[in-house]
Structure formats: structure tokens, C-alpha cells
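Trainee: Test case, fold it:
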Amino acid sequence: MQVLKRLSILACIAFLAGCGAGAHSGAVPNLRTPNDSLSAMPGDSLSAMPGDSLSAMPGASLACDWNFLLAGANCSVAINTNVPAVSDAATPANLLSGLHPADIQNAYHLPSANAGGTVAIVDANDDPNAESDLAVYRTAFGLPPCTTLNGCFRKVNQSGQAGPYPAASLPWSTEIALDVDMVSAVCPKCNILLVEANSDSFDDLGASVDTAASMGAVAVSNSYYGPEWSGETGEDAHYNHPGIAITVSAGDEASPFYPAASPYVTSVGGTSLSNGTETAWQYGARGCSRYEAKPKWQGNTSCKSRAIVDVAAVADPQTGVTMYDSTAGGWLVAGGTSVGAPVLAAAYALSANPQPPAYSYDRENAFNDVAPSGYDLVTGLGSPNGVSGL
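Mentor: Reported below is the predicted structural model:
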């Protein structure tokens, strides 16, 4: 048992994956199989992943806590610590740092005046202040109210019911706050369905995706990631909902992760966005899946298996977005590939006819190319240029 614990610790350190309070069920093991040694998996060592440490992301802190013994999914919010939190909820928008809704809309040429249906957000644990914090964000930027009362906002538990909700979690509250803000920024007329999973296990998160799909969402955003494992294909069915766009964060370390590796999702990598120019974010996940086969539609990648980044959006906290989370100090500037999952989900909703990832690969010209030219493993096809590729 002690050997297994040591392996778990090494695995979590090597991946810096989100080891939250929840454990996987028996269907999803916490540990790699006995044959999955660190030395047998290229890139799975600290020395092979330069820069993948908390201390190596200057000016930022990762919101989620790390439990090296329980390898659940990790949320992927990176807070810019160079910009102090602003506690006054009524601070005028022109005094708030970070990318505002109009900045995001303009950068990606999004038709945000469109109505887009319901965008679901799946995260773990409860954010008791999700609706009230969202109201602060939308008021600051002149967005229409989105409340339970007017039918725009709805929060449910993993079973689709309005309570009881899972235990509250400060890190996941920050994730939820970011996600609802980003959907609002991109698609102010979209309805928002927040589905809170019982825990950060992939079983619970996957079941919550199923719930979101059954409740009429046109797109489902998933801002979490974890280390790949040999049985991950058994979870893929949760992300297979034809006609519904499923977006996921690629992850914030230079390694392949799940569910980004699932062939049924659009995985969003990270960029730095400054003055209209985008470059690859050095901490964005990238690489080739260890366990998922290469989809036919990904023929333009260098991987022999599933390449885990399809498209990209801003993720660098130093060029990050404005968000509001009362439990984390108020107004913050945030990044991480957490930003891209809800941004792309809302963009899919604006398209009015969400398509599977294969559709995007046939329409590379609908994306802003991020150097190096053409598809690359860090930013995929690039960032959206309108919604014609979605």
C-alpha cells in the first residue's frame, strides 16, 4: 500500500494534476496500472517537463488545491497575482484590469448579439454565490440580468435537481465563477445551466455531463483535467452527445490529459493575447494521447494517436480576463485553459448549429492561425475567427 501511495504522489507531482478532495470510483482508478511505470511513459518525469511547476509560472497562482493521494480532476484557473484583487463589487468597469466582454468578442469576431440557447457548465462541488456573483459581473459590463427568476440562470445538482447541492469548495467556486462569467461575456443572451457534480471524480463529472445534455443544453463546458489512465476510454461515453458541443480545457501543464484526449470533445488549448496578437501560451497542455486512438478527422497532426488540442483561446493570466468571485477577494484577473472551455462553448451556441470536432478540421480557415503556421500541438487549429468553423 505504501508503494502505491508513493507512486500516486509521484504521478501527481509529475503531472501537477488536480488532486482534489474526491476520489475516483472503482470504474476509474486513482493510480496507473502496474505496468504504467513513470519511466515507461515519456514526459512523465519532472526532468522531462521543464517549467511544469507552480513556482515556474511567475505572477500566477493556480486556484485549485493539490491532494497528492487522491487524483481527481483538477480545475484549471490561474489567477494573476500581479494584479491585486479589488474587493468593491461596485467598482466601475473602466477601473477593472483584464479582458472585458467586448475585448473577447472583438478578438474572436463573435456575433455576440445573437441568441444562442442554453450553455451548460459542469464543475465539481458547490458555489453558493454563483448567481449573486454573476449578477455583479453582468451589471458591471452592462449585460442583461441572468437570474433564476427570469429563467436565464439555473443551478442543479448532478441529478438535475435544484438541491441538495454538494459541499462548497473555494477553489471550485472560483472555477464556477470564471465559467459563468465567460459564457456571459461571449453570449449575453444565452441561458446558463450550472450542473454541480458531487465530487471531482471523473465518474461524477461524466454523469453531470449526461445530465446537462439531457436538460436541453446546446453546448457543455468542462473546465477540468486530470492524468490519462489506461481505462479512460470507459468514460468516453459521457462526452458522446451528437448534436451537442462538448468543450473541455486542455490543461495547464505541458502534457496530455483527460478528458481532452476523448475523441468526442473539442479540447481548448491556451494562448497569450495582447494588443490583438496571439502567441502560444507556454504552460498550455499539448501532446499525443497515450490511450485514445487517432480520429480519422485529425489526419493533419503529427500524432499517431489522438492529439489533445483542437483549438485555442486566451489562457495566459498575464493577458487574462476579468472575473468576479466574492469568496476569492472580488474582482480578479484570471487565465488558465479554464477560460477557453466556456468561451468556445458559448461560441458554439452562437453558431446556432454546433458541429462535432471533425467539422472544424475541414475548415481551418475559420480559425486565427497561431504561430507556428498551421496546426500545432499547443494551439491546434488556432483561435476562433467568428463561428463558421464551429
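
Trainee: End to end on stretch 220-238, go ahead and measure it.
Mentor: End-to-end distance for stretch 220-238: 11 Å, by C-alpha to C-alpha, to the nearest Å.

Trainee: Tell me the buried residues in it?
Mentor: Using 16 or more other C-beta atoms under 10 Å as the burial criterion, the residues of stretch 220-238 that qualify are 220-229, 232-233, 235-236, 238. C-beta: built from backbone N, CA, C; applies to glycine.

Trainee: repeat for stretch 329-340
Mentor: Of the residues in stretch 329-340, 330, 331, 332, 333, 334, 335, 336, 337, 338, 339, 340 count as buried by neighbour count, 16+ other C-beta under 10 Å.

Trainee: Next one: the last one relative to residue 135, how far apart?
Mentor: Remark: distance between residue 340 and residue 135 (C-beta to C-beta, to the nearest Å) = 24 Å.

Trainee: follow-up on the earlier one: closest one of the buried residues of stretch 220-238 to residue 192?
Mentor: Closest approach to residue 192 among the buried residues of stretch 220-238 (C-beta to C-beta): residue 221, at 9.9 Å.

Trainee: Next step: the buried residues of stretch 220-238 restricted to strands.
Mentor: Using DSSP state E, 220, 221, 222, 224, 225, 226, 227 are the members of these that sit in strands.

Trainee: possible to save these as CSV with distance to residue 193 and pLDDT?
Mentor: Converted to CSV, those look like this (distance: C-beta to C-beta, whole Å; pLDDT from 0 to 100):
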residue, distance to residue 193, pLDDT
220, 9, 98
221, 10, 98
222, 13, 98
224, 17, 96
225, 21, 94
226, 23, 92
227, 28, 92
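
Trainee: which among those gets closest to residue 114?
Mentor: For those, the nearest to residue 114 is residue 221 (17.6 Å; C-beta to C-beta).

Trainee: Hmm, residue 341 and that closest one touching each other?
Mentor: Yes. Using C-beta atoms under 8 Å, residue 221 is in contact with residue 341, at 4.6 Å.

Trainee: Residue 216: how many residues sit nearby?
Mentor: 12 (other C-beta atoms under 10 Å).

Trainee: re earlier: between residue 221 and residue 341, which contacts overlap?
Mentor: 179, 247, 248 (C-beta atoms under 8 Å, 6 or more residues apart in numbering).

Trainee: could the residues you listed go into JSON lines alongside pLDDT, secondary structure and distance to residue 303?
Mentor: Below are those laid out as JSON lines (pLDDT from 0 to 100; DSSP: H, G, I helix; E, B strand; the rest coil; distance: C-beta to C-beta, whole Å):
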{"residue": "179", "pLDDT": "98", "secondary structure": "helix", "distance to residue 303": "28"}
{"residue": "247", "pLDDT": "98", "secondary structure": "strand", "distance to residue 303": "20"}
{"residue": "248", "pLDDT": "98", "secondary structure": "strand", "distance to residue 303": "17"}
